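Colleague: Pasted the sequence and its predicted model underneath.
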Amino acid sequence: MEEKIEPEGYVAAVLLLIMILVAFVNVVTRYLFHASIAFTEEIEVAFFVWVTFLGIGMAFRKGSHLAMVFVRDRLPIRKHLIIFGQVLSLILFIVVFYLTARYVYLDMTMYHSTTMALGIPMWVYTIGMPIISILVIFRIIQSMRGGIKNV
């Protein structure tokens, strides 16, 4: 049976493709022209963080996030531990959403910081964090609704 790919999987694939292309161009220019392209690190780091958060959301959707299954499967309160872990994850990503949204807001209104190499506003890179955090929160809630039935 073919597995359905969620929208964040496509976004992550596009971001990874861009990262690969940017890194490849940087390597080619470094070896052929003996000059490195400075802005590539900015793009790669920002996209790497975004891809990581997209992967977290996908893992919660599939129920494949890390767990200490050896311990969990041997305890009689397995269902309660799973619910507890999901609630803690939900709280964590609500805090992550709040803090990153606050950072983006402050950067847009007060700080106006820019990146070193390209000089573009920092919030362009960090705006993905609160947006993807909302997706992760949604996926955790989805996991909580569907995961308890399967335990």
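Modeller: Okay, I see it.
Colleague: what's the neighbour count on the spatially closest residue to Pro130 that is not a sequence neighbour?
Modeller: Distances taken as CB to CB, 6 or more residues apart in numbering place Ala101 nearest to Pro130, at 4.0 Å, with adjacent residues excluded. All C-beta spots, glycine's among them, are computed from the backbone N, C-alpha and C. Ala101 has 17 neighbouring residues, counting by other CB atoms under 10 Å.
Colleague: ok, Ala101 to Arg145 distance?
Modeller: 25 Å (CB to CB, to the nearest Å).
Colleague: Same question for Glu3.
Modeller: 20 Å.
Colleague: for the helix or strand encompassing Val51, what is the average pLDDT?
Modeller: For Val51, the element it lies in under DSSP states H and E is helix 40-62. Mean pLDDT, helix 40-62: 90.
Colleague: So that it lines up with my notes, have the first residue be 639 from now on.
Modeller: Done: numbering now begins at 639, and the last item shifts to helix 678-700.
Colleague: what comes up buried for it?
Modeller: Within helix 678-700, the residues that count as buried by 16 or more other CB atoms under 10 Å are 678-682, 684-685, 688-689, 691-692, 694-696, 698-699.
Colleague: quick one: buried residues of stretch 739-746?
Modeller: Neighbour-count burial for stretch 739-746, counted by 16+ other CB under 10 Å, picks out 739, 741-742, 745.
Colleague: Which elements pack onto the helix holding Val689?
Modeller: For helix 678-700, the elements it packs on are helix 645-671, helix 761-764, helix 766-785, judged by 3 or more CB pairs under 8 Å, 6 or more residues apart in numbering; DSSP states H and E.
Colleague: Between helix 766-785 and it, find me the angle.
Modeller: 20 degrees (axes from the mean of the first three to the mean of the last three CA atoms, to 10 degrees).
Colleague: what's next to helix 678-700, contact-wise?
Modeller: 644, 646-647, 649-650, 653-654, 656-657, 660-661, 663-664, 703, 727, 753-756, 763-764, 766-767, 770-771, 773-774, 776-778, 780-781 (CB atoms under 8 Å, 6 or more residues apart in numbering).
Colleague: and those residues, which are buried?
Modeller: Looks like the contacts of helix 678-700 have 644, 646-647, 649-650, 653, 657, 660, 664, 703, 727, 753, 763-764, 766-767, 770-771, 773-774, 777-778, 781 buried, using 16+ other CB under 10 Å.
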